[in-house]
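>>> following is a predicted model, sequence given first.
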Amino acid sequence: MTVPDTVSGGPQQEESSPSLIRLEGISKVFYTDEVETHALSGIHLVIQPGEYLSIAGPSGCGKSTLLSLLGLLDTPTDGEYWLAGRDVANLSFSDRAKIRNREIGFIFQAFNLIGDLTVYENVELPLTYRRMPSDERRRRVQEALERVGMSHRVKHFPSQLSGGQQQRVAVARAVVGSPKILLADEPTGNLDSTNSEQVMDLLSELHQEGATICMVTHDPRYARYATRTVHLFDGRIVEEETGTERQREEQRLEESGYHVS
Ligand code: ADP
């Protein structure tokens, strides 16, 4: 099966639903040496365009597995996955790669920049897989680097940058192709608290500008930046909170009779 240039369109369209992501009854079982690990069981999750979702929970509860499935890095054992109205649960490896390149931006804990490419070349890389004229590529790379405050370091190599700077370059690489969703896996896991806050502020700004973000974190300090938090435990969604921490606090105060101006 071939994948059209965008994931919307085509015969496998979801009926009349505006959701960007819809998971229905998703499970993932890993089979190793006769051991079955049920990493995810019966996951139902809908993400709307413009949401900032965080996936929280203790180590081993299935957060990274869920993000890998959302990012089409892996396929579910069972269940349905609709991305922008298209059934993507059981695509071939190359069709998944094509959709990933166009529709999904990744931000990893370990930055995952390529050490022998410059900052500019790292950010340009996702665009080189597309047939895009070079002046358009240049414009996009410059814009993305300006967006994250790294346009003064285009010729540097990753090893010449601090961890916080490397993550900002990784964010530029994630947004340069204008993906439908940004997936961030513990984006502050390798950073000190000052750099962590700067990266989280950057993600919040991108969200305010319209980006849809789904972030895995086990750190409640950073989960609070999201507008919705899904808590996983033993591969299942056990709790869901809507609104930022501040909005929830305001609601608690209102309910207790205190008026928030
Ligand atoms: P988290 O990100 O919340 O720490 P993971 O999604 O990494 O959790 O893991 C969920 C469960 O699945 C764990 O029990 C883990 O050991 C198991 N698991 C994850 N990836 C694999 C794999 N590739 N092969 C076998 N088991 C795996």
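Okay, I see it.
>>> show the pLDDT at the closest residue to Ala110 other than its chain neighbours.
Distances taken as C-beta to C-beta, 6 or more residues apart in numbering put Asn190 closest to Ala110, at 6.2 Å, once the chain neighbours are dropped. For glycine as for every other residue, the C-beta is placed from the backbone atoms N, C-alpha and C. For Asn190, the pLDDT comes out at 91.
>>> ok, Asn190 touching Gly163?
Yes - the criterion here is C-beta atoms under 8 Å, and Asn190 meets it with Gly163 at 5.7 Å.
>>> what ranges do the helices span in this structure?
With DSSP state H, the ranges of helices along the chain come out as 63-70, 93-103, 119-128, 134-147, 163-175, 193-208, 220-223, 245-255.
>>> now render these as JSON lines, adding mean pLDDT and distance to the ligand.
What follows is those, written out as JSON lines (pLDDT from 0 to 100; distance: least, C-beta to the nearest ligand atom, whole Å):
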{"stretch": "helix 63-70", "mean pLDDT": "96", "distance to the ligand": "3"}
{"stretch": "helix 93-103", "mean pLDDT": "93", "distance to the ligand": "16"}
{"stretch": "helix 119-128", "mean pLDDT": "96", "distance to the ligand": "24"}
{"stretch": "helix 134-147", "mean pLDDT": "96", "distance to the ligand": "28"}
{"stretch": "helix 163-175", "mean pLDDT": "96", "distance to the ligand": "19"}
{"stretch": "helix 193-208", "mean pLDDT": "92", "distance to the ligand": "18"}
{"stretch": "helix 220-223", "mean pLDDT": "82", "distance to the ligand": "13"}
{"stretch": "helix 245-255", "mean pLDDT": "65", "distance to the ligand": "21"}
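>>> now render those helices as TSV, adding mean neighbour count.
Below are these laid out as TSV (neighbours: other C-beta atoms under 10 Å):
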stretch	mean neighbour count
helix 63-70	23
helix 93-103	16
helix 119-128	21
helix 134-147	16
helix 163-175	24
helix 193-208	17
helix 220-223	17
helix 245-255	12
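>>> export these to TSV and tack on distance to Ala110?
Formatted as TSV, the helices of the chain follow (distance: least, C-beta to C-beta, whole Å):
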stretch	distance to Ala110
helix 63-70	12
helix 93-103	18
helix 119-128	14
helix 134-147	20
helix 163-175	9
helix 193-208	13
helix 220-223	17
helix 245-255	27
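>>> wait, which of these is closest to Pro18?
helix 93-103 (16.0 Å; C-beta to C-beta).
>>> that closest one vs helix 119-128, what angle?
120 degrees (axes from the mean of the first three to the mean of the last three C-alpha atoms, to 10 degrees).
>>> re the thing from before, ok, the residue nearest to Ala110 to Ala144 distance?
For Asn190, the distance to Ala144 (C-beta to C-beta, to the nearest Å) stands at 21 Å.
>>> ok, the residue nearest to Ala110 - contacts?
Applying C-beta atoms under 8 Å, 6 or more residues apart in numbering to Asn190 gives the contacts Gln109, Ala110, Phe111, Gly163, Gln167.
>>> repeat that for Leu73.
Leu73 sits in contact with Arg96, Arg100, where contact means C-beta under 8 Å, 6+ apart.
>>> one more: Arg221?
Counting by C-beta under 8 Å, 6+ apart, Arg221 has no contacts.
>>> from Leu206, how far out is it?
19 Å.
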